[in-house]
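**Student:** from the sequence below, what's the structure:
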Amino acid sequence: MSTTLAANAARGENTSFIVLISCVATIGGFLFGFDSGVINGTVDGLKQTFQSSAAGIGFEVASMLLGCAVGAFAAGWLGDRLGRRGVLIIAALMFLLSALGAGSAHSSLAFVIARVVGGFAVGAASVMSPAYIAEVASARYRGRLATVQQIAIISGLFCAFLSNYLLARAAGASTEVLWLGQAAWRWMFWMQAIPSALFLVLLLGIPESPRYLVVKGRREQALAVLTRLYGPAEAQAKVGEIEGSLAQDQHRPRFSDLISKVTGKLRPIVWVGIGLAMFQQLVGINVVFYYGAVLWQAVGFSENDALLINVLSGALSIGACLVTVVLIDRIGRKPLLWVGSVGMAVSLALVTIAFASGSLDAAGKLQLSDRMGMLALVAANVYVIFFNMSWGPVMWVMLGEMFPNQIRGSGLAVAGAAQWMSNFAITVTFPILLGSIGLAGAYGIYTVAAVASIFFVLRYVHETKGRELEQMEG
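**Tutor:** Numbers count the residues shown, from 1 in each chain. The predicted structure is shown next:
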């Protein structure tokens with residue numbers, strides 16, 4: 001790594017600064033993960049406080065995802081008008097408001113509104129953080145830096161799981177009073193205010209994306225940013241490359257650019273982006289993230305043990321993402337995707353088999369033998385590992401880099417919205433599936449999606465490793 005830094009420095013590239021500002025952008029990913037994972041330990045508190053039915057709980061948990069879909073879709077449009085950095089600042093403010101509001105809510109409606117606000121921030125950050133990183137980083141290590149976004153997401157999930165576990169343990173249960181007369185589940189949400197405020201402050205110190213500045217005709221500002229990132233000689237060349245990529249179509253980016261002028265239909269690259277986004281969710285990963293505590297309690301674990309299993313899953317996820325950091329710019333994006341799909345299909349099938357072997361007790365809880373309980377636990381964590389070394393980070397890397405400059409904002413908006421709508425569908429239907437076809441039936445559906453994703457990758461996904469953004473075609 002030190003040799004790489006020295007070589008980059010000799011070219012005038014300020015690698016340390018690029019890494020630093022990319023890490024600031026990934027705090028949005030950390031908050032994305034924290035906001036997604038914090039709900040996991042609060043379900044019992046929501047049931048008790050709001051007297052919610054199974055369908056009501058499903059909507060309260062999934063309500064954030066409606067905001068995510070809107071935020072992701074709007075982020076592309078806003079990013080082309082306010083800048084990548086500007087959208088991230090708006091997201092940071094909304095993260096802060098959501099954390100305070102969700103913890104303070106005394107009605108289901110107030111809670112849902114706060115979560116939708118947070119969801120908008122999550123959706124916007126999920127689109128803009130990888131876009132910003134892709135637009136400031138060199139193709140030589142763009143994949144590794146963009147993968148840090150997924151590490152940040154998983155770190156956020158891990159911290160939410162750990163925070164939930166420690167707060168529930170300190171109070172005795174998530175529904176018990178902890179500090180200042182407030183239940184532990186409320187403090188689980190309020191903890192997010194700390195990284196949200198930090199994100200907002202640090203964003204004020206990073207530059208705007210140079211590619212956005214060129215698109216907006218602010219050439220001198222773009223040149224100044226690129227000079228700081230890559231040195232004077234490289235900066236001039238990069239401005240020329242960006243202007244060249246835009247020369248054939250100089251109008252302001254708009255959603256109609258996603259339609260091919262030749263066929264009059266949606267560009268193939270947009271369909272690939274939508275497919276990547278949807279398959280990442282159809283394999284059911286967020287059932288583990290959002291309902292992990294419920295899932296493990298459903299097969300006989302206590303609330304405390306279930307929350308601890310979530311912490312273990314979060315730690316394994318971070319380790320898996322670190323593997324991707326090492327491999328993504330060496331072996332490429334496509335191999336990681338199809339290997340991940342195969343691994344997820346096999347491990348999900350084993351989870352399904354384990355759950356199918358169980359029987360319901362008088363209370364309606366699934367009872368597994370010790371052997372099958374261990375199989376379910378191990379296979380589920382293997383599934384989490386395969387997801388986080390493949391589809392978790394690689395999907396976001398590819399969405400951030402695969403679209404041509406002219407349609408990057410719009411393409412990300414559509415793909416991001418598809419991702420969050422799929423996430424919403426999976427999340428809101430899980431409690432219903434749990435009550436109708438059981439865990440085995442639900443996981444059988446996710447297994448089929450994982451198998452289908454193998455063929456999608458092999459047929460439609462093209463490698464983007466080592467290509468500059470100006471070389472992307474669509």
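**Student:** now the helices: where do they sit in the stretch 251-400 of the chain?
**Tutor:** For the stretch 251-400 of the chain, the helices defined by DSSP state H, counting those that start in this stretch cover 268-282, 285-298, 303-331, 333-356, 370-388, 391-401.
**Student:** just give the closest residue to residue 401, not the sequence neighbours.
**Tutor:** Distances taken as C-beta to C-beta, 6 or more residues apart in numbering place residue 134 nearest to residue 401, at 4.6 Å, with adjacent residues excluded. Every residue, glycine included, has its C-beta placed from N, CA and C.
**Student:** neighbours of the nearest residue in space to residue 322 that is not next to it in sequence, how many?
**Tutor:** Leaving aside its sequence neighbours, residue 322 sits nearest to residue 151 (C-beta to C-beta, 6+ apart; 6.9 Å). Other residues lying near residue 151 total 25 when counted by other C-beta atoms under 10 Å.
**Student:** and the helix or strand containing residue 151, what does it pack against?
**Tutor:** Using DSSP states H and E, residue 151 maps to helix 142-171. Judged by 3 or more C-beta pairs under 8 Å, 6 or more residues apart in numbering; DSSP states H and E, helix 142-171 is in contact with helix 15-37, helix 108-136, strand 177-179, helix 184-190, helix 303-331, helix 391-401.
**Student:** go again using 6 Å as the cut-off
**Tutor:** Where contact means 3 or more C-beta pairs under 6 Å, 6 or more residues apart in numbering; DSSP states H and E, helix 142-171 is packed against helix 15-37, helix 108-136, helix 184-190, helix 303-331, helix 391-401.
**Student:** so for the third one, mean pLDDT?
**Tutor:** In this case it means helix 184-190. Averaged across helix 184-190, pLDDT comes to 82.
**Student:** could I have the CA atoms of it written out in PDB?
**Tutor:** Output in PDB follows, covering the C-alpha atoms of helix 184-190 (Å, rounded to 0.1, in the frame of the first residue of the first chain):
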ATOM      1  CA  ALA A 184     -34.500   1.500  26.500                       C
ATOM      2  CA  TRP A 185     -36.000   1.200  23.000                       C
ATOM      3  CA  ARG A 186     -36.300   5.000  22.800                       C
ATOM      4  CA  TRP A 187     -32.600   5.400  23.700                       C
ATOM      5  CA  MET A 188     -31.800   3.000  20.800                       C
ATOM      6  CA  PHE A 189     -33.100   5.600  18.400                       C
ATOM      7  CA  TRP A 190     -31.600   8.600  20.200                       C
END
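**Student:** my guess is residue 222 meets residue 209, correct?
**Tutor:** No: counting by C-beta atoms under 6 Å, residue 222 sits too far from residue 209 to count as a contact (8.8 Å).
**Student:** ok, and what's touching whichever helix or strand residue 455 is part of?
**Tutor:** Using DSSP H and E, residue 455 falls within helix 438-460. By C-beta atoms under 6 Å, 6 or more residues apart in numbering, the residues outside helix 438-460 that reach it are 272, 275, 279, 282-284, 337-338, 341, 344-345, 348-349, 351-352, 355-356, 433.
**Student:** so among the residues you listed, which ones count as buried?
**Tutor:** If you count burial by 16 or more other C-beta atoms under 10 Å, the buried members of those come out as 272, 275, 279, 282-284, 337-338, 341, 344-345, 348-349, 351-352, 355, 433.
**Student:** so which of the helices and strands packed on helix 142-171 comes closest to residue 416?
**Tutor:** With distances scored as C-beta to C-beta, the stretch of the helices and strands packed on helix 142-171 nearest to residue 416 is helix 108-136 (4.3 Å).
**Student:** which other helices and strands contact the closest one?
**Tutor:** Applying 3+ C-beta pairs under 6 Å, 6+ apart, one finds that helix 108-136 makes contact with helix 15-37, helix 54-82, helix 84-104, helix 142-171, helix 391-401, helix 408-436.
**Student:** need these in a markdown table with mean pLDDT, can you?
**Tutor:** Output for those, formatted as a markdown table (pLDDT from 0 to 100):
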| stretch | mean pLDDT |
| --- | --- |
| helix 15-37 | 79 |
| helix 54-82 | 74 |
| helix 84-104 | 87 |
| helix 142-171 | 77 |
| helix 391-401 | 80 |
| helix 408-436 | 78 |
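**Student:** buried deepest among those, which one?
**Tutor:** Comparing those by mean neighbour count (mean count of other C-beta atoms under 10 Å), helix 391-401 ranks first with a mean of 27.
**Student:** report the angle between the axes of it and helix 142-171?
**Tutor:** Put simply, helix 391-401 runs at 130 degrees to helix 142-171, going by axes from the mean of the first three to the mean of the last three C-alpha atoms, to 10 degrees.
**Student:** helix 391-401 - contacts with which helices or strands?
**Tutor:** Against helix 391-401 (3+ C-beta pairs under 6 Å, 6+ apart) you get helix 108-136, helix 142-171, helix 268-282, helix 333-356.
**Student:** got a list of what residue 193 touches?
**Tutor:** Per C-beta under 6 Å, 6+ apart, neighbours of residue 193: 96, 99, 100.
**Student:** how does it look with 10 Å?
**Tutor:** The contact partners of residue 193, taken as C-beta atoms under 10 Å, 6 or more residues apart in numbering, are 95, 96, 97, 98, 99, 100, 103.
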